[in-house]
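1. need a structure here:
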Amino acid sequence: MFKVGDYIVYPMYGAGVITDVVEKDFLGETRTYYNVSLPYCRMEASVPVDNSEKLGVRHIIDPVRIEEVVCVLKDETEKMNPNWNKRYRENTERMQTGDILEVAAVVRNLVRTDRKKPLSTGEKKLLSTAKQILESELVYSGGYTMEEADELVELNI
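-> Got it, this is the predicted structure:
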């Protein structure tokens, strides 16, 4: 169980901090929720405690793992499905795992694809979301500013 002040990652939304643990009535049933501030997507979320593991909520990575993220960003581009719709679905599934290394691979692959041929509107939005998720975790884990996290990502792709 997480506690107030813990830095966590909420897959598809990014990193944030637990601001409160509250009881709420939902359809006549009282459940416990984490209130999470996700400043990099400008959002507040309520995450059911009993569902948080299933949703993939986890602690942010230890700062020593940032080097693993950099290695993924520097790795070779993976072969992706030529059909943008299938590629979009596959990348979304990877991001939903909540694994920072999967998110870093999605960012790397989409940035490099965009450099060769412009991405579709949907993929551009997905890339923007993936970068925001990745960089928000780097901010909390590594103590970077958002600009420094963006520079770290861009310089290593």
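2. SS state for the spatially most central residue of the chain?
-> The residue lying closest to the centre of the chain (C-alpha atoms, centre = their mean) is I133, at 3.1 Å. Three-state assignment for I133 (DSSP: H, G, I helix; E, B strand; the rest coil): helix.
3. surely it and Y13 touch.
-> Yes. Counting by C-beta atoms under 8 Å, I133 touches Y13, with 7.1 Å between them. To be clear about C-beta, it is placed using only N, CA and C from the backbone, and glycine gets the same treatment.
4. if we can go back for a sec, in the sheet, which residues pair with the closest residue to the residue nearest to the centre of the chain other than its chain neighbours? Tell me.
-> Closest residue to I133 apart from its sequence neighbours, by C-beta to C-beta, 6 or more residues apart in numbering: G14 at 4.3 Å. G14 has the following beta-bridge partners by DSSP bridges: Y10.
5. ok, the residue of the chain most remote from its centre to G56 distance?
-> For the chain, the residue at maximal distance from the C-alpha centroid (C-alpha atoms, centre = their mean) is G28, at 32.6 Å. To G56, G28 is 27 Å away according to C-beta to C-beta, to the nearest Å.
6. just the helices in this structure please.
-> 52-55, 66-74, 84-96, 100-116, 121-142, 146-156 (DSSP state H).
7. which one of these lies closest to K24?
-> K24 lies closest to helix 52-55 among these, at 14.4 Å (C-beta to C-beta).
8. output that closest one as PDB, restricted to C-alpha atoms.
-> Provided in PDB are the C-alpha atoms of helix 52-55 (Å, rounded to 0.1, in the frame of the first residue of the first chain):
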ATOM      1  CA  SER A  52      -4.200   0.000  -8.000                       C
ATOM      2  CA  GLU A  53      -2.000  -3.100  -8.600                       C
ATOM      3  CA  LYS A  54      -4.300  -4.300 -11.400                       C
ATOM      4  CA  LEU A  55      -4.100  -0.800 -12.900                       C
END
